[in-house]
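Asker: need a 3D model of the sequence below.
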Amino acid sequence: MTDEHHLVVDGTPVATYVVDPDLDAKHGPRPYLHPVRTLAGTPVTDALPADHVWHLGASLTVQDVSGTNLWGGRTYVRDAGYTWLDDHGRIAHTGWTERAPDRLAHRLQWRDRAGGVLLIEERRLAATRVDGPAAAWRLDLDYTLTAPADADVHLGSPATNGRPGGAGYGGFFWRGAPTADAVTFTADAEGEEKVNGSDAPWLAFGGTGPGGAAYTLVFTGLGPGDRWFVRTAMYPGVCVAFAFEQPAVVAAGTSRPGRHRVTVVDGLVGRDEAAALAAAAGPVTR
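Answerer: Numbers count the residues shown, from 1 in each chain. Modelled structure (predicted):
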């Protein structure tokens, strides 16, 4: 049975956290947030969409973790393209450390297809109201990935495995709710072509959600070497990409920390307001 928990802001449920989804291994089973909603109730995530069934709301996952596909779907193979392989692992919940209406924290294991542990993770999620002229709340995702003492762990993407076109996805990925008018911008760039691959301090993504209500998401929290991966034409999505051009490595016995914040706003906001919301989120330090 699927294990679900909820994040609540001032009595309003804003996100469902699916901890142990009952999914085919090819879909990259892992904890994910869906649905995520604005304070007014507009959905801003999608899960199991027909075009990419393995896109699961908002989740932390990488397509190539030392040869294991934890993203789901086909694996990009150099000189061969996307190929179905028997290489799918699972990101598994192993124990709670905190549960409250506005925050959840737990331990996880990133496992290969045989159940071997690739990475140990400590993760915390929190939801808080954001004061300002627009109705908004903020999701805070804080985690630490730790490699085993005797092995480096390599994090890769289709781009690092040879796919052209800026397909460096893998990391903290947010599949947006269906929208025909998605827009994305940073402080100095606008549109998918210019924003994809950027290392701007913040990124805004907006559109009209199901039911006709507009929303904006303001993302902050790129780590060293991270880049924004963005899609608006093929599908609505934003990723804090760990291996956009080059593989990332978690050296044996060391940890990779991360902290990402997403401000979820009712309505569309412009560049100045998005910048103010990003600044209000504060510096992301570990």
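Asker: from here on, just use CA atoms for contacts and neighbour counts.
Answerer: Will do.
Asker: please, where are all the helices along the stretch 51-200 of the chain?
Answerer: Along the stretch 51-200 of the chain, counting by DSSP state H, counting those that start in this stretch, helices occupy 192-195.
Asker: partner strands of the lengthiest strand in the chain, parallel or antiparallel?
Answerer: Ranked by residue count and defined by DSSP state E, the top strand of the chain is strand 117-130. Here strand 117-130 is paired, per DSSP bridges, with strand 103-111 (antiparallel), strand 136-146 (antiparallel).
Asker: next SSE downstream of the helix or strand encompassing G207?
Answerer: G207 is part of strand 202-208 when elements are defined by DSSP states H and E. For strand 202-208, the following helix or strand on the C-terminal side (DSSP H and E) is strand 214-220.
Asker: still on that earlier bit, tell me which other helices or strands the strand holding G207 touches.
Answerer: In terms of contacts (3 or more Cα pairs under 8 Å, 6 or more residues apart in numbering; DSSP states H and E), strand 202-208 is packed against strand 183-185, strand 214-220, helix 271-281.
Asker: okay if I get these as a markdown table plus mean pLDDT?
Answerer: Listed next are the helices and strands packed on strand 202-208 as a markdown table, based on pLDDT from 0 to 100:
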| stretch | mean pLDDT |
| --- | --- |
| strand 183-185 | 98 |
| strand 214-220 | 97 |
| helix 271-281 | 95 |
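Asker: tabulate those (JSON lines), appending mean neighbour count.
Answerer: What follows is these, written out as JSON lines (neighbours: other Cα atoms under 10 Å):
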{"stretch": "strand 183-185", "mean neighbour count": "23"}
{"stretch": "strand 214-220", "mean neighbour count": "26"}
{"stretch": "helix 271-281", "mean neighbour count": "17"}
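Asker: so which of those comes closest to T68?
Answerer: Closest to T68 of the helices and strands packed on strand 202-208, according to Cα to Cα: strand 214-220, at 27.6 Å.
Asker: give me the neighbour count for the spatially closest residue to G258 that is not a sequence neighbour.
Answerer: Spatial nearest neighbour of G258, chain neighbours left out: Y143 (5.4 Å); criterion: Cα to Cα, 6 or more residues apart in numbering. As a burial measure, Y143 scores 21 neighbours (other Cα atoms under 10 Å).
Asker: same thing with Y235?
Answerer: Y235 is flanked by 18 other residues according to other Cα under 10 Å.
Asker: point me to the helix or strand that includes it.
Answerer: Using DSSP H and E, no helix or strand contains Y235.
Asker: what's the span of stretch 52-66 from first residue to last?
Answerer: End-to-end distance of stretch 52-66 (Cα to Cα, to the nearest Å): 23 Å.
Asker: outside of it itself, list whatever touches it.
Answerer: Here stretch 52-66 makes contact (Cα atoms under 8 Å, 6 or more residues apart in numbering) with 26-28, 30-36, 45-49, 69-73, 75, 118, 153-158, 169-176.
Asker: follow-up on the earlier one: report the contact partners of the residue nearest to G258.
Answerer: Here Y143 is in contact with 121-124, 257-259 (Cα under 8 Å, 6+ apart).
Asker: tell me the confidence at it?
Answerer: Looking at Y143, its pLDDT reads 98.
Asker: neighbours of the residue lying closest to V265 once chain neighbours are set aside, how many?
Answerer: Closest residue to V265 apart from its sequence neighbours, by Cα to Cα, 6+ apart: A136 at 4.4 Å. A136: 22 surrounding residues under other Cα under 10 Å.
Asker: so A136 makes contact with G267?
Answerer: No: using Cα atoms under 8 Å, A136 is not in contact with G267; the gap is 9.4 Å.
Asker: how close does the residue lying closest to H106 once chain neighbours are set aside get to G267?
Answerer: Nearest residue to H106, sequence neighbours excluded (Cα to Cα, 6+ apart): W96, at 4.2 Å. Distance of W96 to G267, computed by Cα to Cα: 35 Å.
Asker: what about these two, which has more around it?
Answerer: Counted by other Cα under 10 Å, W96 and G267 do not tie: G267 has more neighbours, with 20 against 14.
Asker: quick one, phi/psi of the more buried one?
Answerer: Main-chain dihedrals, G267, degrees, to the nearest 10: phi 100, psi 170.
Asker: right, I'll call it a day here.
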